[in-house]
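Novice: how would this look folded up:
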Amino acid sequence: MQCFPELTYSIFVDGELPPQEAQRVRTHLASCATCREVVAALTAENKMLVTTLSELAADRPLPATAASHPAWMELFGVASVLALVAVVTHWLNLQTSTGAANWLNPFTSEGRSNFAFNLVFYLSHGGGNVLEQLASVIGWLLLMIAMVGGLFALARHQRRFRSGFLLAALAIAFSLPGMAIEARKSSGILTIQQNETVNDTLVASAETVEIEGNVKGDLFTAARSIVVHGSVSGNIFSWSQNVEVDGSVGGSVFGFAQNLTVRGQVGHSVYAWVEFLHLEPGSHVASDVVLGSQEASLQGKIDGGVMAFAGAVNVHGDIGRNILAYVGELNLNSPTHVAGGVKALVKRRTDVRIADGVTIGGPTEINVTSYRNRYTRPGYYIWGLIGLAGAFVIGWILMYLFPTFFQNTSRAVGAGWRSFGLGFAVLVGTPVAIILVALSLVGLPLALISLALYFIGLYLSLVFVGSFLGRLIVKSDQQRGGRSLGAYFVGLVVLFVVVSLPVVGFVFKLLACCLGLGALISQLYRTWRPATA
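Specialist: Numbering: from 1, shown residues only. Here you go, the predicted structure:
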């Protein structure tokens, strides 16, 4: 008989192999001395680990007050803090009358739009070729999936998890590219004087940042007001309330602000997710303008095209290529010249106004949005079946790789208010925490990783709720096997039907997400921090 892999023997020693497979391993060990030595070594390693942990636990006993509280209460406390942050932020939003800070508030459309743009321009740094960026993003996503899968595989064996996690963290830290950065900070006005040159990338933080001189690298800045009268050879990344570019920018302008005004020269593109965008007469953008705003006024010269997601766009200048507008209102005023075509998606045809004297080199296409009930679209059912099949495959893989974890998490869904309360706190509080972290330049990569994990957790929450429903309906308690797989499929079908119901479907989906997310978080916490003997 062929020898089993070492991983199988490790699972056998941990006592996690199914009975039939474990019996086959015992039969093989009876006739193979080499494999018996491997199993003996793994058993000795386990015993040594248990002894070491027992000694550590004896040397550092837990206080009586800490031992009297279960682990879920600690988790619930952390999640409650996150929920409190969300409530306080929402309260501040209700109490704010000026609206000046809405661009920082995740509970307003400006705040959500700002974070969305933050994500977009971080992934598309420099505004290069679209296909190249797409390939890069897909590669990073695959890398992240592989890393998460590797961490889960390591988590199967507690003794190897933490060392593997630290090794991965060190590998990522040493693989990040280095760059020359000069950081400057002020509580008032920070000024780069007219005769001053900064030869590195500049990270500036102040109440007001004024660039009168030259910055040879990129400019990263977070301030209430930013004014560029000099020149920036690289890109400008701005998180602020007001941004004014009167000088020259060699790269692109990434505006994440309430107001963005360009009067000077931009050597590449303008990516603006703002409340108001103004390209003043005399301004020049050498490539494209991509904007998301409440209102935009384009009066300068744009050599490339315009892609607009806005409430209202007013054009009074020269556009070198096409205009693609998903807007509430599009006004082309004379003497606007568009070298390419115009394509607009609006609610009414009268929302597009083209004045006399406007010249358009390409075709003009005006599409009117129309509402169609999702239940009358075949694509809704096709994508529903694809989603059901994907969830089934994901659950199948988890059930096979981590049977004990999968079963325990599914059971934890039945904890009721405990799982719901924890899940609701994490569901509401985590996005707020992510946005607050993303507002800092250093915290942006961490925020993106956290956001990806957050969406993965939301997806898996439905998987575990489906498993819980299946076990409840079929009354199966097997970890693996055909009966448990069939029960899981039945539960998924019931869950997908319930959350797709009109009106009440959203309520059931919210309930399922909270229950599943709470069960997942509590079980991950117990796995990461097992109870000491």
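
Novice: next, count neighbours for residue 289.
Specialist: Neighbourhood size, residue 289 [other CB atoms under 10 Å]: 26. Where you see a C-beta, it was placed from the backbone N, CA and C, and this is true even at glycine.

Novice: please enumerate the helices of the chain.
Specialist: Along the chain, counting by DSSP state H, helices occupy 6-14, 19-29, 33-59, 64-67, 71-95, 109-123, 130-155, 158-175, 378-401, 403-412, 417-438, 444-474, 482-499, 505-528.

Novice: which neighbouring elements make contact with the second one?
Specialist: So that's helix 19-29. Packing partners of helix 19-29 (3 or more CB pairs under 8 Å, 6 or more residues apart in numbering; DSSP states H and E): helix 6-14, helix 33-59.

Novice: buried ones in the first one, by neighbour count?
Specialist: By 16 or more other CB atoms under 10 Å, the buried positions in helix 6-14 come out as 8, 9, 10, 11, 12, 13.

Novice: quick one, that helix and helix 403-412 angle?
Specialist: On the basis of axes from the mean of the first three to the mean of the last three CA atoms, to 10 degrees, helix 6-14 is oriented at 60 degrees to helix 403-412.

Novice: ok now helix 6-14, how far from the chain's centre?
Specialist: Helix 6-14 sits 36 Å away from the centroid of its parent chain (CA atoms, centre = their mean, to the nearest Å).

Novice: helices or strands up against it?
Specialist: Checking 3+ CB pairs under 8 Å, 6+ apart, helix 6-14 ends up next to helix 19-29, helix 33-59.

Novice: sorry, back to before: of the buried residues of helix 6-14, which is the nearest to residue 496?
Specialist: Nearest to residue 496 among the buried residues of helix 6-14: residue 11, at 32.5 Å, using CB to CB.

Novice: could you chop this structure up by domain?
Specialist: Per automatic domain parsing, the structural domains of the chain span 6-61, 377-528.

Novice: where among the helices and strands packed on helix 6-14 is the average confidence lowest?
Specialist: Per-stretch mean pLDDT for the helices and strands packed on helix 6-14 is lowest at helix 33-59 (a mean of 68).

Novice: among the helices of the chain, which gets the worst mean confidence?
Specialist: Least confident of the helices of the chain, judged by mean pLDDT, is helix 64-67 with a mean of 41.

Novice: quick one, what contacts residue 314?
Specialist: Contacts for residue 314 (CB atoms under 8 Å, 6 or more residues apart in numbering) come out as 295, 296, 297, 298, 331, 333.

Novice: which one among those gets closest to residue 350?
Specialist: Lowest distance from residue 350 to those (CB to CB) belongs to residue 331, with 11.5 Å.

Novice: from residue 383, how far off is residue 15?
Specialist: Using CB to CB, to the nearest Å, residue 15 is found at 42 Å from residue 383.

Novice: apologies, that question was intended for residue 353.
Specialist: Going from residue 353 to residue 383 by CB to CB gives 37 Å.

Novice: nearest residue to the residue most central in space within the chain in space, please, no chain neighbours.
Specialist: Nearest residue to the geometric centre of the chain (CA atoms, centre = their mean): residue 451, 3.0 Å. Distance criterion CB to CB, 6 or more residues apart in numbering; nearest residue to residue 451, sequence neighbours excluded, is residue 434 at 5.4 Å.

Novice: tell me who's in contact with that neighbour.
Specialist: 447, 450, 451, 454.

Novice: switch the cut-off to 6 Å
Specialist: For residue 434, the contacting residues are 447, 450, 451, by CB atoms under 6 Å, 6 or more residues apart in numbering.

Novice: now residue 272
Specialist: Residue 272 touches 255, 260, 291, counting by CB under 6 Å, 6+ apart.

Novice: mind putting the residues you listed in JSON lines, distance to residue 511 included?
Specialist: Output for the contacts of residue 272, formatted as JSON lines (distance: CB to CB, whole Å):
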{"residue": "255", "distance to residue 511": "40"}
{"residue": "260", "distance to residue 511": "41"}
{"residue": "291", "distance to residue 511": "38"}
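
Novice: buried subset of those residues as a PyMOL selection?
Specialist: Typed into PyMOL, the line below selects the buried ones among these, using 16+ other CB under 10 Å:
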select buried, resi 255+260+291
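
Novice: quick one: pLDDT of residue 367?
Specialist: For residue 367, the pLDDT comes out at 87.

Novice: coming back round to it: just the domains of the chain: most buried one?
Specialist: When neighbours are counted by mean count of other CB atoms under 10 Å, the highest per-stretch mean among the domains of the chain falls to domain 377-528, a mean of 18.

Novice: give the contact list for the closest residue to residue 492 other than its chain neighbours.
Specialist: Among residues not flanking residue 492 along the chain, residue 466 sits closest, at 3.9 Å (CB to CB, 6+ apart). Counting by CB under 6 Å, 6+ apart, residue 466 touches 491, 492, 495.

Novice: let's see it at 10 Å
Specialist: 388, 391-392, 395, 410, 413, 487-496, 512, 516 (CB atoms under 10 Å, 6 or more residues apart in numbering).

Novice: one more: residue 475?
Specialist: Going by CB under 10 Å, 6+ apart, the list of residues near residue 475 reads 483, 487.

Novice: what does residue 369 give?
Specialist: Residues near residue 369 by CB under 10 Å, 6+ apart: 326, 345, 346, 347, 348.

Novice: my read: the last one touches residue 370, true?
Specialist: Translated: residue 348. No: Residue 348 is beyond contact range of residue 370, at 11.1 Å (criterion: CB atoms under 10 Å).

Novice: am I right that residue 467 is in contact with residue 403?
Specialist: No: Residue 467 is not in contact with residue 403 according to CB under 10 Å; the separation is 11.5 Å.

Novice: which neighbours do the two share?
Specialist: Taking CB under 10 Å, 6+ apart as the contact rule, residue 467 and residue 403 both touch residue 484.

Novice: can you redo the contacts of residue 434 as JSON lines with distance to residue 3?
Specialist: Listed next are these as JSON lines, based on distance: CB to CB, whole Å:
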{"residue": "447", "distance to residue 3": "47"}
{"residue": "450", "distance to residue 3": "43"}
{"residue": "451", "distance to residue 3": "44"}
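
Novice: residue 214: which of those residues is nearest?
Specialist: Among these, and counting by CB to CB, the member closest to residue 214 is residue 447, at 31.5 Å.

Novice: state the number of residues packed around the closest residue to residue 213 other than its chain neighbours.
Specialist: In this structure, residue 213 finds its nearest non-sequential neighbour in residue 196, 3.9 Å apart by CB to CB, 6+ apart. If you count neighbours by other CB under 10 Å, residue 196 ends up with 13.

Novice: wait, isn't residue 196 in contact with residue 210?
Specialist: No: counting by CB under 10 Å, residue 196 does not reach residue 210; the two are 11.3 Å apart.

Novice: hey, what's in contact with both of these two?
Specialist: Listed as contacting both residue 196 and residue 210 by CB under 10 Å, 6+ apart are residue 230.

Novice: how much space between residue 202 and residue 282?
Specialist: 26 Å.

Novice: could you do residue 434 as well?
Specialist: Separation of residue 434 from residue 282 (CB to CB) stands at 40 Å.
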